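In: Need coordinates for the below:
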Amino acid sequence: MRKLALAFLSALALLMLPAATASADTITAHNQTEVIHDVLPCVGDATITITYNAVEHFNQAANGSLHGTFTQTGTFSAVLDAGGTSAGRFTIWGGFSANPATGQGTTTFTFSGTIKSGTGAGTSWHEVMHYTGSFDADGNPDFNVVKVAFDRFRCH
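Out: Predicted coordinates:
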């Protein structure tokens, strides 16, 4: 599930390319289902089916500055590679602001969930990632010119 979330953040970084006019866009998804093979946090590798609702909102000003947020929340069921199943709930939230003219931006991302039944029942996780600093011409964080960056993941 972390891979899915990180792929989404990478796609957001591509929006840092400048545009000549102001624009805003909101995308809403209801009862979407996806199947992925990834790590079920705190448990292990699994084939995970997620069903979720999501809202994404992006604004771009005429000067090229960007702001975006997204929220995705839903349920999951997982068939673990090591055997057994798990099911529970998750929420992902992210936001970013960027100024392509200066190459500066900030992004924050949170990911949390709880395993309600099966292997790992009662286990929860929470992750917070943040980056403030420079972005390269392709919209990717430039970790050579970072102001603040951290990624904290916990199982509890």
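
In: could you pull out the helices for the chain?
Out: Along the chain, the stretches classed as helices by DSSP state H are 2-13.

In: Tell me where it is predicted with low confidence.
Out: 1-21 (pLDDT under 70).

In: Gly120 - how many residues pack around it?
Out: Gly120 has 23 neighbours, counted by other CB atoms under 10 Å. Bear in mind the C-beta positions are built from the backbone N, C-alpha and C, glycine included.

In: again with Phe153
Out: 13.

In: how about it, what does it touch?
Out: The contact partners of Phe153, by CB atoms under 8 Å, 6 or more residues apart in numbering, come to Pro41, Trp125, His126, Glu127.

In: Let's see that with 6 Å instead.
Out: Phe153 sits next to Glu127 when contact means CB atoms under 6 Å, 6 or more residues apart in numbering.

In: cool, Ser23 as well?
Out: Going by CB under 6 Å, 6+ apart, Ser23 touches Gln60.

In: Look up which residues are beta-bridged to it.
Out: Gln60 (DSSP bridges).

In: So it versus Asn99, what's the distance?
Out: Computed as CB to CB, to the nearest Å, the Ser23 to Asn99 distance reads 16 Å.

In: Repeat that for Ala54.
Out: For Ala54, the distance to Asn99 equals 26 Å [CB to CB].

In: Pull the number of nearby residues for the residue nearest to Gly68 when sequence neighbours are not counted.
Out: Using CB to CB, 6 or more residues apart in numbering and skipping residues adjacent in sequence, the residue nearest Gly68 is Phe58, 4.2 Å away. For Phe58, the tally of surrounding residues (other CB under 10 Å) stands at 17.

In: Next: Gln72.
Out: 21.

In: Next one: it from His126, what distance?
Out: The separation that Gln72 has from His126, given CB to CB, amounts to 15 Å.

In: do the same with Thr28
Out: Counting by CB to CB - Thr28 and His126 are separated by 25 Å.

In: When those two are compared, which one has more neighbours?
Out: Comparing Thr28 with His126 by neighbour count (other CB under 10 Å), the higher total belongs to His126, at 16 against 9.

In: Make sure Thr108 is actually in contact with His130.
Out: Yes: assessed by CB atoms under 6 Å, Thr108 is found in contact with His130 at 4.8 Å.

In: Next, the distance between the ends of stretch 94-114.
Out: End-to-end distance of stretch 94-114 (CA to CA, to the nearest Å): 19 Å.

In: ok, now stretch 33-49?
Out: Chord length of stretch 33-49, first to last residue, is 7 Å (CA to CA).
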